[in-house]
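Novice: could you look at this predicted model? Sequence included:
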There are 2 protein chains.
Amino acid sequence: MDKLEIINQLKLEIANISYSTDVDDLLVYGRDWTRFNQVNAAAVLFPKSVEEVQAIVKLANKLNFKLVPSGGRTGYSGGAVASHQEFVLSLEKMRSILEFNADDSQVTVQAGVITEQMQNFAEEKGLFYPVDFASSGSSQIGGNIATNAGGIRVLRYGMTRNYVAGLKVVTATGEILELNQGLIKNATGYDLRHLMIGSEGTLGIVVEATMQLIKPPVEQSVMLLALDSLDSVMRVFSLAKKELNLSAYEFFTDIALKHVCKHRNLDNPFEDSATCYVLCEFDEDEEAVMQVFEQGMENGDIVDGLISQSREQASQFWQYREGISESIAHFSPYKNDIAVKVSLVPEFMNQLDAMVKEHYPQFELVWFGHIGDGNLHLNIIKPKDMGITDFKIECEIVNKHVYGLIQQMRGSISAEHGVGIIKKPYLGYSRSKAEIELLKGIKKVFDPNGVLNPGKLV
Amino acid sequence: MDKLEIINQLKLEIANISYSTDVDDLLVYGRDWTRFNQVNAAAVLFPKSVEEVQAIVKLANKLNFKLVPSGGRTGYSGGAVASHQEFVLSLEKMRSILEFNADDSQVTVQAGVITEQMQNFAEEKGLFYPVDFASSGSSQIGGNIATNAGGIRVLRYGMTRNYVAGLKVVTATGEILELNQGLIKNATGYDLRHLMIGSEGTLGIVVEATMQLIKPPVEQSVMLLALDSLDSVMRVFSLAKKELNLSAYEFFTDIALKHVCKHRNLDNPFEDSATCYVLCEFDEDEEAVMQVFEQGMENGDIVDGLISQSREQASQFWQYREGISESIAHFSPYKNDIAVKVSLVPEFMNQLDAMVKEHYPQFELVWFGHIGDGNLHLNIIKPKDMGITDFKIECEIVNKHVYGLIQQMRGSISAEHGVGIIKKPYLGYSRSKAEIELLKGIKKVFDPNGVLNPGKLV
């Protein structure tokens, strides 16, 4: 059945269905923040209710068209890319906050609610939603859940998973599941909520979520440190972890800092350049922070440092870290989002550094990462004179080395960006054959007709 | 193939296999703490390594015998009961602590390690394993994971799930899965670790686990309060939650207290009996606790109260709560382990109380619960002159009323005890038909020959 016939059927099924086949819309809604795959969407559908989502999915099963669920499209793995005439199912018209319960500290929201909108809502209620990352102004809760988004405060608060108290899901066959209903304890069989979290829209479409909010933390301070070497990063981490109640411990290299300063027109925070920098956030504690600082200086790890004296200054410091992705976006960077156990970070960083320097001197590398979680972002910058296809091929050669090292160290080839299309060929570096067979088996149970996000993840 | 032939095959396959067909062993290892199902195990196998577990499971697939994975057998849902000539696979000879990593604060243990053994190990290392419950002296880590054990400090620390950083699992077909390898961030497809947690030995056998340990809390105080009514329980909770950093908020009735005092030969902590009692544990804070106490007295909710002045006294107070289960065990109580959202607890308690009083005046009820998690334990005591079968039938009539109410309130028919055999007929009160179909589909993917824990959960 061709696209127009499908649209006509959709119109018959759903009065006033909102959709677009406008070329610009297809391009915008047919991709995420990656630029390596061709975009070729059939149409964009904008359901306004759970019932409309259900009707669309049922029709997709009946007429055999494919759906790409779509949130804020801020992903880095092509998980929301429509390349094969799929229908994009955008949740952006479902962005209401439905219910708040102060006794439970829980809020039920539609999937299209923007992360920042929920953070602000929590603040208004005197509570805190701790999951935060650079794209929280555009990412949506549904997408966060579909990818189990992490970000900058995982060290203290964990991933999105930890805050999902209940989910309403439209399954790939158009059934509605209400999973866990906001309960704290519920031992009634396999937890499908946790299976949905991180399933990248391949098992069901999250349409509503009940999120657990928490007490706000005490006042936070931010310390920006210039460090002497990659090894210093972990030594200072051990020190800081012992003395301070950390909520973030972020790392970036001098190249990364220079990109941010140029892009945001900021002054370099230190007089002299250092090998790398660390930003840490923690419960305000003047005495303890001075101890970390002095001890780090004495050990020769810390070269220079700044401690925020106000909230404003803390936000300014955060810019140096949070501005990195944006500052290199126009270079079409190839992003590796990799993780090992925290204890293996120093060895991993040194080996990786040596390896890329030896084999790929032609590439500029921008490193940053959530060191406290063992998570590094290794961005390879596209040389100006190289075409995107050639660049992708070159990066895929780098991948084999990087991922081989990760496999040896039993790490993850995608720490928080998911698998999507881009990481799919490499899944075997982090998951065994037996596991991948089980993933495929699960996919088949949930989506027997292969309607949801085909070609992604498994 | 008969039992002896299977044992001979096992002997051929595994040199020096440890097993028993002794009648007493069959009875001990063929059941958990429930007494409602007939025990009829073929043999008990005691593998000493992952390889032996693997060999047993492979042979079970080949020769079509069934396995019941068995931990500390402290369950209350019959999840570890062998009633149909299954082979019990006990993990109790696999109780080594394999590896500790201070940088990651992680410990890798075999499945048979006792909960208390791990708590003590953590303490030796200056760390803390926060999952705790009355049976931690005999429950095993593998079983805790299989049932996602909760207990008394879920309010602050969450369930066992939160501390599982990695799992080694022997699948139902005898493959080995190494899930998540201790990583903090890992977005590489469906998280099978979370699917295994709480799957009650029906999808795979947990043989090793990497558990996350945390910093120990500051000194804890315990307050024991006598309250005027069920409504007071939640009003005092709201007050305490606001003022104190709670780690436990436990409730029990006067009947429960009397049972403990009699069984442990303890004095009643208060001069006068009250309707019910609350035990709360929190970060020591003299000023705040006095405020809660005074405010609660003023409101008429708190009738009397005691605040621990030492660690010893705190442990003494805990006895009144932790001794309940043990004190009523010899009455063969029928245990309901139910939960609703915290905000619904007052309404739920009142409705439940009225219902059982009206319909079942012949039964003595012992109530206690982890109120801070919305989790109530409603124990029905068997009248002395009633046979166990008749009693079970009567309780199953009670269940329909209780579970009907839970369904209305979108609660859980098993908050932390799992489904096993006993809750299986009632699963539909907490999970929809569509969900149960998916659970069955998943079971089939993981255990195509139905070898693991047949008849449990799904």
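Specialist: It's in.
Novice: in the helix-or-strand element of chain A with minimal mean pLDDT, which residues are buried?
Specialist: In chain A, no helix or strand scores lower on mean pLDDT, DSSP states H and E than helix A:345-359, which sits at a mean of 87. Buried residues in helix A:345-359, counted by 16 or more other CB atoms under 10 Å in any protein chain shown: A:Val345, A:Pro346, A:Phe348, A:Met349, A:Leu352, A:Val356. For every residue, glycine as well, the C-beta is placed using N, CA and C.
Novice: in this structure the second one contacts A:Asp231, no?
Specialist: Yes - at 5.7 Å, A:Pro346 and A:Asp231 qualify as touching, with contact defined as CB atoms under 8 Å.
Novice: picking up where we left off before, hmm, the least confident helix or strand of chain A in reach of chain B?
Specialist: No - applying CB under 8 Å from any CB of the partner chain, one finds helix A:345-359 out of contact with chain B, separated by at least 8.8 Å.
Novice: what strands line up against whatever helix or strand comes next after that helix, and which way round?
Specialist: Going down the chain from helix A:345-359, the next helix or strand is strand A:364-370, by DSSP states H and E. Applying DSSP bridges, strand A:364-370 is found paired with strand A:246-253 (antiparallel), strand A:375-381 (antiparallel).
Novice: among those, which is nearest A:Ala172?
Specialist: Closest of the strands paired with strand A:364-370 to A:Ala172 is strand A:375-381, at 30.4 Å (criterion: CB to CB).
Novice: now that closest one: mean pLDDT?
Specialist: The predicted model gives strand A:375-381 an average pLDDT of 92.
Novice: alpha carbons only: can I get it in CSV?
Specialist: Taking Å, rounded to 0.1, in the frame of the first residue of the first chain, the C-alpha atoms of strand A:375-381 are listed here in CSV:
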residue,chain,number,x,y,z
ASN,A,375,32.1,7.2,30.9
LEU,A,376,34.2,8.9,28.3
HIS,A,377,33.1,10.8,25.2
LEU,A,378,35.7,10.6,22.5
ASN,A,379,34.8,12.8,19.6
ILE,A,380,36.7,12.6,16.3
ILE,A,381,36.6,15.9,14.4
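Novice: that one vs helix A:345-359, what angle?
Specialist: 10 degrees (axes from the mean of the first three to the mean of the last three CA atoms, to 10 degrees).
Novice: show me what strand A:375-381 is in contact with.
Specialist: With contact meaning CB atoms under 8 Å, 6 or more residues apart in numbering or on different chains, strand A:375-381 is reached by A:150, A:154, A:251, A:325, A:328, A:331, A:333-339, A:345, A:348-349, A:352, A:356, A:360, A:363-369, A:395, A:398, A:402, A:415-416, B:184-185.
Novice: buried among those? Need that as a selection in PyMOL.
Specialist: PyMOL command restricting those to the buried ones, with burial defined by 16+ other CB under 10 Å:
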select buried, (chain A and resi 150+154+251+325+328+331+333+334+335+336+337+338+339+345+348+349+352+356+360+363+365+366+367+368+369+395+398+402+415+416) or (chain B and resi 184+185)
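Novice: so who does whichever residue of the stretch 201-350 of chain A sits closest to chain B touch?
Specialist: Distances between the stretch 201-350 of chain A and chain B by CB to the nearest CB are smallest at A:Ser343, namely 3.6 Å. Going by CB under 8 Å, 6+ apart, A:Ser343 touches B:Asn101, B:Asp103, B:Asp104.
Novice: with A:Gln319 instead?
Specialist: By CB under 8 Å, 6+ apart, the contact list for A:Gln319 reads A:Val260, A:Arg264, A:Leu266.
Novice: okay, and which of those map to helices?
Specialist: If you go by DSSP state H, the contacts of A:Gln319 have A:Val260, A:Arg264 in helices.
Novice: make CSV out of the contacts of A:Gln319 and add pLDDT.
Specialist: Output for the contacts of A:Gln319, formatted as CSV (pLDDT from 0 to 100):
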residue, pLDDT
A:Val260, 96
A:Arg264, 95
A:Leu266, 94
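Novice: returning to that earlier point: list the contacts of the least confident helix or strand of chain A.
Specialist: Contacts of helix A:345-359 (CB under 8 Å, 6+ apart): A:230-231, A:233-234, A:340, A:363, A:365, A:371, A:374, A:376, A:378, A:398, A:401-402, A:405, A:409, A:411.
Novice: longest helix anywhere in chain A?
Specialist: Within chain A, and with DSSP H defining each element, the longest helix by residue count is helix A:388-408.
Novice: which ones are touching the closest residue to the residue of the stretch 201-350 of chain A closest to chain B other than its chain neighbours?
Specialist: Nearest residue to A:Ser343 in three dimensions, chain neighbours excluded: B:Asp103, at 3.6 Å (CB to CB, 6 or more residues apart in numbering or on different chains). The contact partners of B:Asp103, by CB under 8 Å, 6+ apart, come to A:Ser238, A:Val342, A:Ser343.
Novice: also A:Lys392?
Specialist: Each residue near A:Lys392 by CB under 8 Å, 6+ apart is listed here: A:Phe36, A:Tyr334.
Novice: rerun at 10 Å
Specialist: A:Arg35, A:Phe36, A:Asn37, A:Ser332, A:Tyr334, A:Lys382, A:Met386, A:Ile422 (CB atoms under 10 Å, 6 or more residues apart in numbering or on different chains).
Novice: give me the pLDDT for the nearest residue to the second one once chain neighbours are set aside.
Specialist: Okay, so that is A:Phe36. Among residues not flanking A:Phe36 along the chain, A:Lys392 sits closest, at 5.3 Å (CB to CB, 6+ apart). If you check A:Lys392, the pLDDT there is 87.
Novice: what of A:Asp228?
Specialist: Listed pLDDT for A:Asp228 reads 89.
Novice: from A:Glu271, how far off is it?
Specialist: 15 Å (CB to CB, to the nearest Å).
Novice: who has more neighbours, those two?
Specialist: A:Asp228 (18 against 7; other CB atoms under 10 Å in any protein chain shown).
Novice: would you confirm that A:Leu246 contacts A:Val278?
Specialist: No - the pair A:Leu246 / A:Val278 is not scored as a contact, 11.1 Å apart, by CB atoms under 10 Å.
Novice: any common contacting residues for the two?
Specialist: With CB under 10 Å, 6+ apart as the test, A:Leu246 and A:Val278 both reach A:Phe237, A:Ala240, A:Gly372.
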